[in-house]
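Visitor: Predicted coordinates and the sequence they were generated for:
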Amino acid sequence: MKKSTLGLLVGAALVMGGGWYYTHQGAEPAAAPGGQAKPGAGGAQGPTTVNVVKPQRQDVAVLLQANGTVTPISTVDLHPQTTSTITKVHIREGQYVKAGELMFSLDERSARANLDKAQAQVARDQAALGDLERQYRRGQELLSKNFIAQGAVDTLKSQVESARALLQLDVAAARSVAVDASYNTIRAPMSGRVGAIGVYPGSLVQLSTSLTSITQLDPINVSFTLPESALGGLLEAQRAGAVPVKAALAGAAEEVAGQLSFIDNTVDPVAGVIRVKAQFANAQTKLWPGQYVNTKLTVQTLKDATVIPQNAIINNTRGVFVYTVAADQTAQTTNVKRLYSFGANVAVSGLSGDEQVIVEGKQNLRPGGKVKLAAPGKQKGEKGGSA
């Protein structure tokens with residue numbers, strides 16, 4: 001009984017050991033479709049599928065962008081220079097006026113009377129001077145014949161000089177009165193657009209009374225700030241010639257072209273920015289004082305630059321580089337230098353322009369690793385059909 005039980009146990013152990021050997025050692029590795037070994041089943045890892053692009057050659061404008069405010073080159077707030085009453089308003093709100101155009105008339109009756117009085121005084125002095133000059137000439141004739149004394153002639157000469165000085169004084173006074181009288185007609189000091197008018201015929205106005213304002217709209221300025229790091233490029237571009245600037249209203253696709261007109265003489269030490277202005281032709285009044293606009297300033301143009309997608313660049317402890325496909329279909333690293341980024345692309349140096357730059361699949365690559373290009377319909381930027 002004991003021998004038979006022992007034999008059964010030994011037989012069962014042999015059967016179990018044979019099954020384990022068959023499943024772990026005797027079975028052949030499973031083959032992948034197409035005869036390739038499955039990963040993890042003893043076969044070598046296949047090449048990495050990647051998407052590539054060829055660097056482009058193009059001119060790249062180096063832009064500085066900032067938000068700006070439209071500001072007029074000049075604006076004038078009109079005030080009367082005398083206390084009087086408005087007799088007539090010759091302009092309308094929002095009207096465009098030319099320099100010298102009549103805008104307001106004030107009550108000039110008192111000023112006109114004063115001017116007439118001053119002019120009459122001048123006429124009286126002229127008559128008195130003329131009489132004294134005639135007396136002085138007769139005195140000189142009588143003196144030459146010894147009919148009067150030298151002292152009498154000297155007295156006449158003194159009276160003539162005094163009358164001549166009095167005439168000059170009254171002429172100056174008349175000019176002053178004429179200037180005061182001119183304040184009763186207010187003309188446009190410059191061409192521009194009239195703002196709101198706060199007075200009407202019959203309104204009493206004083207020196208502090210604001211009549212209206214005139215704002216020059218064409219040309220017009222846009223004021224904005226740039227970081228102080230851009231100052232060197234700004235000055236260099238300005239020395240090279242006109243610096244183009246474009247401005248667009250928020251949300252608008254159309255841009256207005258102008259030129260850099262002003263760089264401030266100091267950098268704001270608190271904000272670390274410098275204030276600049278650009279001037280724009282504005283005959284169509286597309287820009288309006290006080291508006292916020294988006295500005296783009298071109299400081300230089302990179303001629304025939306090498307351009308690749310930004311996502312092709314890798315930054316790590318080894319530096320800045322891209323993966324390119326070598327002739328033997330392996331991945332190799334090429335060091336590059338960023339020159340200027342714009343949108344999804346970047347201008348770089350370090351590439352000849354003939355390389356195949358890897359843009360997708362590079363996360364699985366190692367230098368020297370085998371690569372396989374994706375099917376043409378699967379390349380980045382192309383539409384692939386469904387199987």
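Guide: Great, that's in hand.

Visitor: mind listing the strands for the stretch 51-200 of the chain?
Guide: Ranges of strands in the stretch 51-200 of the chain, per DSSP state E, counting those that start in this stretch, are 56-71, 75-78, 84-89, 96-97, 102-106, 185-187, 192-194.

Visitor: now for the ones you listed, which one comes closest to residue 114?
Guide: Across the strands of the stretch 51-200 of the chain, residue 114 has its closest neighbour in strand 84-89 (12.7 Å, Cβ to Cβ). Every residue, glycine included, has its C-beta placed from N, CA and C.

Visitor: Residue 113 and residue 180, how far apart?
Guide: 12 Å (Cβ to Cβ, to the nearest Å).

Visitor: Those two: who's more crowded?
Guide: residue 180 (17 against 12; other Cβ atoms under 10 Å).

Visitor: now that one, nearest residue through space, not along the chain?
Guide: Spatial nearest neighbour of residue 180, chain neighbours left out: residue 111 (5.7 Å); criterion: Cβ to Cβ, 6 or more residues apart in numbering.

Visitor: isn't the one you found right next to residue 184, touching?
Guide: Yes - contact criterion Cβ atoms under 8 Å: residue 111 and residue 184 qualify, at 5.6 Å.

Visitor: Quick check: neighbours shared by those two?
Guide: residue 82 (Cβ atoms under 8 Å, 6 or more residues apart in numbering).

Visitor: quick one, what contacts residue 299?
Guide: With contacts defined as Cβ under 8 Å, 6+ apart, residue 299 is in contact with 62, 63, 64, 230, 233, 234, 236, 237, 243.

Visitor: if you set the cut-off to 10 Å instead, what comes out?
Guide: 61-64, 226, 230, 232-238, 240, 243-244, 260 (Cβ atoms under 10 Å, 6 or more residues apart in numbering).

Visitor: Now go through these and say which are in helices.
Guide: 232, 233, 234, 235, 236, 237, 238, 240 (DSSP state H).

Visitor: With distance to residue 208 and pLDDT as added columns, please give these in a markdown table.
Guide: Converted to a markdown table, the ones in helices among the contacts of residue 299 look like this (distance: Cβ to Cβ, whole Å; pLDDT from 0 to 100):
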| residue | distance to residue 208 | pLDDT |
| --- | --- | --- |
| 232 | 48 | 88 |
| 233 | 47 | 87 |
| 234 | 42 | 89 |
| 235 | 44 | 91 |
| 236 | 49 | 88 |
| 237 | 46 | 88 |
| 238 | 42 | 88 |
| 240 | 49 | 85 |
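
Visitor: out of those residues, who's nearest residue 370?
Guide: residue 233 (44.3 Å).

Visitor: thought that closest one was touching residue 263?
Guide: No - in this structure, residue 233 is not within contact of residue 263 by Cβ atoms under 10 Å, at 11.2 Å.

Visitor: overlap in contacts of those two?
Guide: In contact with both residue 233 and residue 263: 226, 243, using Cβ under 10 Å, 6+ apart.

Visitor: on that earlier part again, just give the number of residues close to the residue nearest to residue 180.
Guide: Counted with other Cβ under 10 Å, residue 111 comes out at 20.

Visitor: For the ones in helices among the contacts of residue 299, which entry has the maximal number of neighbours?
Guide: Taking other Cβ under 10 Å as the neighbour criterion, residue 237 ranks highest of the ones in helices among the contacts of residue 299 with 20 neighbours.

Visitor: Distance check, it against residue 263.
Guide: 10 Å.

Visitor: Can you work out which residues contact both of these two?
Guide: residue 243.

Visitor: for the spatially most central residue of the chain, which residues make a bridge with it?
Guide: Note on the chain: the residue nearest the mean C-alpha position is residue 295, at 4.2 Å, using Cα atoms, centre = their mean. As for beta bridges, residue 295 partners with residue 66, residue 247 under DSSP bridges.

Visitor: Please give me every residue in contact with it.
Guide: 63-69, 222-224, 226, 245-248, 255-256, 258, 276, 278.

Visitor: about what we covered before: now the strands of the stretch 51-200 of the chain in a markdown table, with distance to residue 143?
Guide: Output for the strands of the stretch 51-200 of the chain, formatted as a markdown table (distance: least, Cβ to Cβ, whole Å):
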| stretch | distance to residue 143 |
| --- | --- |
| strand 56-71 | 74 |
| strand 75-78 | 62 |
| strand 84-89 | 55 |
| strand 96-97 | 64 |
| strand 102-106 | 56 |
| strand 185-187 | 53 |
| strand 192-194 | 67 |
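
Visitor: In terms of mean pLDDT, which of these ranks lowest?
Guide: Ranked by mean pLDDT, the strands of the stretch 51-200 of the chain bottom out at strand 56-71, with a mean of 90.

Visitor: Tell me which other helices or strands that one touches.
Guide: Under the contact criterion of 3 or more Cβ pairs under 10 Å, 6 or more residues apart in numbering; DSSP states H and E, strand 56-71 touches strand 220-227, helix 231-240, strand 244-249, strand 273-280, strand 292-309, strand 337-342, strand 345-349.

Visitor: Quick one: neighbours of residue 320, just the number.
Guide: 14.

Visitor: And it, how far from residue 50?
Guide: 19 Å.

Visitor: Residue 223 too?
Guide: Where residue 50 is concerned, residue 223 sits at a distance of 49 Å (Cβ to Cβ).

Visitor: again with residue 175
Guide: Here residue 175 is placed at a distance of 90 Å from residue 50 (Cβ to Cβ).

Visitor: the more surrounded of these two?
Guide: Neighbours per residue, other Cβ under 10 Å: of residue 175 and residue 50, the larger number sits with residue 50, 23 against 13.

Visitor: Can you name the residues that contact that one?
Guide: Contacts of residue 50 by Cβ under 10 Å, 6+ apart are 323, 325, 331, 356-362, 364-365, 369, 371-374, 379.
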